[in-house]
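> Got a sequence here, can you build the structure:
(chains A and B)
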Amino acid sequence: EAGVAQSPRYKIIEKRQSVAFWCNPISGHATLYWYQQILGQGPKLLIQFQNNGVVDDSQLPKDRFSAERLKGVDSTLKIQPAKLEDSAVYLCASSLAVEQFFGPGTRLTVL
Amino acid sequence: KQEVTQIPAALSVPEGENLVLNCSFTDSAIYNLQWFRQDPGKGLTSLLLIQSSQREQTSGRLNASLDKSSGRSTLYIAASQPGDSATYLCAAYYNQGGKLIFGQGTELSVKP
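The predicted model follows:
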């Protein structure tokens, strides 16, 4: 069974630029999550989708971050414009029931 | 507020030593608790998941315990090896809100 796929694996941008990350969950998993992990901290949930609907986006900085899940499968997370403090690893996870399975993450560096 | 704390933030031990990693959580109404391993530059690998009705789970050299009443979980690693070097994260899952709340992790270094 293929795992959660994410791309790109690494991205370096200047502040005020925009960036987008892509996630392909495990086939059949209805729930998809985006987490932000700042260096030295645990992952923090940004947004949770159930199929293509948003369940929880309470910790998503909506003035600069947006996310969508097309047709209840793939998802993209966008940051526009990026700030220095957005430097982090962005993890995507999916689940069928309770247990979440994580992708390798995208490491973003904002200069 | 639901919070998860891991102490220490970093730990260095010689190869072969048995060790314990600690995790505490503020809200005892957890559904389950999960331990993950994270290698540098990689995603999270699930090690053990303990349901709220269970007291412990074992996998090979790993044993995780859960004490809801005290709000604590421990991960015991027996006969540590250099390949065990990684960051270990615990996460509490709460039914209310369906959220995984992570601790900040313990960075483990096992010296040959």
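> Pull up the gap between the residue lying closest to residue B:42 once chain neighbours are set aside and residue B:107, please.
Closest residue to residue B:42 apart from its sequence neighbours, by C-beta to C-beta, 6 or more residues apart in numbering or on different chains: residue A:104 at 5.9 Å. C-betas here are computed from N, CA, C, even on glycine. Look at residue A:104 and residue B:107: by C-beta to C-beta, to the nearest Å, they are 19 Å apart.
> What residues does chain A have near chain B?
A:4, A:6, A:33, A:40-45, A:48, A:55-56, A:91, A:93, A:98-105, A:107 (C-beta under 8 Å from any C-beta of the partner chain).
> Around the nearest residue to residue A:111 once chain neighbours are set aside, count how many other residues there are.
Once flanking residues are discounted, residue A:111 sits nearest to residue A:14: 5.5 Å by C-beta to C-beta, 6+ apart. Per other C-beta atoms under 10 Å in any protein chain shown, the neighbour tally for residue A:14 reads 9.
> can you check the one 4 residues further on too?
Taking other C-beta under 10 Å as the criterion, the count of residues near residue A:18 is 11.
> which residues touch it?
A:78-82 (C-beta atoms under 8 Å, 6 or more residues apart in numbering or on different chains).
> Could you rerun that using 6 Å?
The contact partners of residue A:18, taken as C-beta atoms under 6 Å, 6 or more residues apart in numbering or on different chains, are residue A:80.
> ok, now residue B:4?
B:25, B:92, B:101, B:103.
> cool, and residue A:19?
Going by C-beta under 6 Å, 6+ apart, residue A:19 touches A:11, A:13, A:79, A:82.
> tell me the pLDDT at it?
pLDDT for residue A:19: 98.
> who's the residue nearest to the spatial centre of chain A bridged to?
Centroid check for chain A by C-alpha atoms, centre = their mean gives residue A:34 as the closest residue, at 3.4 Å. On the basis of DSSP bridges, residue A:34 is bridged to residue A:47, residue A:92.
> what does residue B:22 give?
Beta bridges link residue B:22 to residue B:7, residue B:74, judged by DSSP bridges.
> go on, residue B:62?
Applying DSSP bridges to residue B:62 gives these bridge partners: residue B:59, residue B:77.
> Hmm, residue B:32 and residue B:73 touching each other?
No - contact criterion C-beta atoms under 6 Å: residue B:73 and residue B:32 do not qualify, at 10.4 Å.
> These two: who's more crowded?
With neighbours defined as other C-beta under 10 Å, residue B:73 and residue B:32 compare such that residue B:73 has more, 27 against 19.
> pLDDT score assigned to the spatially closest residue to that one that is not a sequence neighbour?
Sequence neighbours aside, residue B:23 is the residue nearest to residue B:73 in space, at 4.4 Å (criterion: C-beta to C-beta, 6+ apart). Per-residue pLDDT puts residue B:23 at 97.
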